[in-house]
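>>> Here's a sequence, model it:
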Amino acid sequence: MRDFVTLSSSSSSRIHVIERSAMNYPPTLLVAVISVLALAATACTANEIPSVETSRPPATPTVYQPPGQVRNSTFVWSAEPGIDLADQRSILTRAAYESMIIAHYGGLDTTYPGFAEALTPSYARRVPTALETSLVGTFRAHILQVIDTELGFKATVCTQLSKLGIRVREGDYRINHLSAREEFVEFIPETEEHQIDQQVRRRGLERPTPETRYLPSLPRTEHQWSAPTDDLFTHTGLMIDFGGDSGETMYRCEEWGRSLEPTAPYRGSETIISPAPPETLPAYPGW
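I've put the predicted structure just below:
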């Protein structure tokens, strides 16, 4: 009596036939032979499968987007005669001031590229943020003067807020009707300590997604916040600080503001709660 056992290998389509006599070979030996052949067939199949190389697609650079808290508002800039809104100092002033506004409503991590790292540590530690509010309307801003300092330069900025609404709850907009507000933006050379600190902070850091969980659904305005896409601050060698003079420049800013809003209070401000947002004007000069 003869038994035939077949083992098929799918990789080579070969059939191995083992013939044994039930009288001459014990069953355990036959099982061992079959196991060896099965292992050989498996190894052959594995060797014939081509390797597939996988690679990640190249990273796409992130294009800066302003946070939702300010997206429905704009800046309209003007300047005193002799100040060019397109020169380097005015560009830095506008970008820094707009970033400061973004920091107040969206957080430092959502400001223009390079701004958070360029801030003086003393100012960066005390930036208040109101994530639960959002802006609709237009900042009217005016560069009153740009003066040289011992180590850099300082620009005085006036802002008129009567066309800007702050959305504090569903359907309500708070408008501050006042003559104008005065602040300065100061640029001073980086110290060696600041440079080292900022290099450490920049290394390997990714900008987070702007926080939107506090925002109600917002209607999209026709005109949207205009922002630069390039880092305007990192390679200037300058740090940024903010403050107010509350002197002659404050009175000059108030005079400028009343030229836009003659009915604004001479001192202080009045708060208007409106169910409708103010109009958002096109940004000027924009980016």
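>>> who does the single longest strand found in the chain touch, helix- and strand-wise?
For the chain, the strand that runs over the most residues, judged by DSSP state E, is strand 134-148. If contacts are counted by 3 or more C-beta pairs under 8 Å, 6 or more residues apart in numbering; DSSP states H and E, strand 134-148 sits against strand 72-79, helix 88-106, strand 153-160, strand 164-169, helix 248-260. For the C-beta atoms, the positions are set from N, CA and C on the backbone; glycine is no exception.
>>> Report the angle between it and strand 164-169.
Interaxial angle of strand 134-148 relative to strand 164-169 (axes from the mean of the first three to the mean of the last three C-alpha atoms, to 10 degrees): 140 degrees.
>>> Strand 134-148 to strand 153-160, inter-axis angle?
For strand 134-148 against strand 153-160, the angle by the same axes, to 10 degrees is 140 degrees.
>>> Neighbouring strands of strand 134-148 in the sheet, and parallel or not?
As defined by DSSP bridges, the strand partners of strand 134-148 come to strand 72-79 (parallel), strand 153-160 (antiparallel), strand 164-169 (antiparallel).
>>> ok, back up a step: averaging pLDDT over each of the helices and strands packed on strand 134-148, which comes out lowest?
Of all those, strand 164-169 carries the lowest average pLDDT, namely a mean of 87.
>>> so after that strand, what's the next helix or strand?
strand 172-178 (DSSP states H and E).
>>> For that next one, which outside residues touch it?
136-137, 160-162, 164-168, 257, 261, 263-265, 268-278 (C-beta atoms under 8 Å, 6 or more residues apart in numbering).
>>> before we move on, what about stretch 77-86?
Ser90, Ile91, Arg94, Arg140, Ala141, His142, Ile143, Leu144, Gln145, Val146, Tyr284, Pro285.
>>> looking at the sheet around the closest residue to the third one other than its chain neighbours, what are its partners?
Pointing back at Arg94 there. Of all residues not flanking Arg94 in the chain, Trp77 sits nearest, at 6.0 Å (C-beta to C-beta, 6 or more residues apart in numbering). Beta-bridge pairing for Trp77 (DSSP bridges): Ala141.
>>> Any figure for the gap between Trp77 and Thr280?
Distance, Trp77 to Thr280, using C-beta to C-beta, to the nearest Å: 15 Å.
>>> Just the mean pLDDT for the longest strand of the chain, thanks.
Strand 134-148 shows a mean pLDDT of 96.
>>> Next, the buried residues of that strand.
Within strand 134-148, the residues that qualify as buried are 134-146, counting by 16 or more other C-beta atoms under 10 Å.
>>> just stretch 104-121 next, same as before
104-120.
>>> Same check on stretch 93-106?
Neighbour counts over stretch 93-106 (16+ other C-beta under 10 Å) mark 93-106 as buried.
>>> that older thread, now render the helices and strands packed on strand 134-148 as JSON lines, adding distance to Phe242.
Shown next, in JSON lines, are those (distance: least, C-beta to C-beta, whole Å):
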{"stretch": "strand 72-79", "distance to Phe242": "16"}
{"stretch": "helix 88-106", "distance to Phe242": "6"}
{"stretch": "strand 153-160", "distance to Phe242": "9"}
{"stretch": "strand 164-169", "distance to Phe242": "19"}
{"stretch": "helix 248-260", "distance to Phe242": "14"}
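>>> Those: which one's closest to Glu222?
Ranking those by proximity to Glu222 (C-beta to C-beta) places strand 72-79 first, at 9.6 Å.
>>> how big is the angle separating that closest one from helix 88-106?
Using the same axes, to 10 degrees, strand 72-79 lies at 150 degrees relative to helix 88-106.
>>> so what's Leu238 bridging to?
Pro189.
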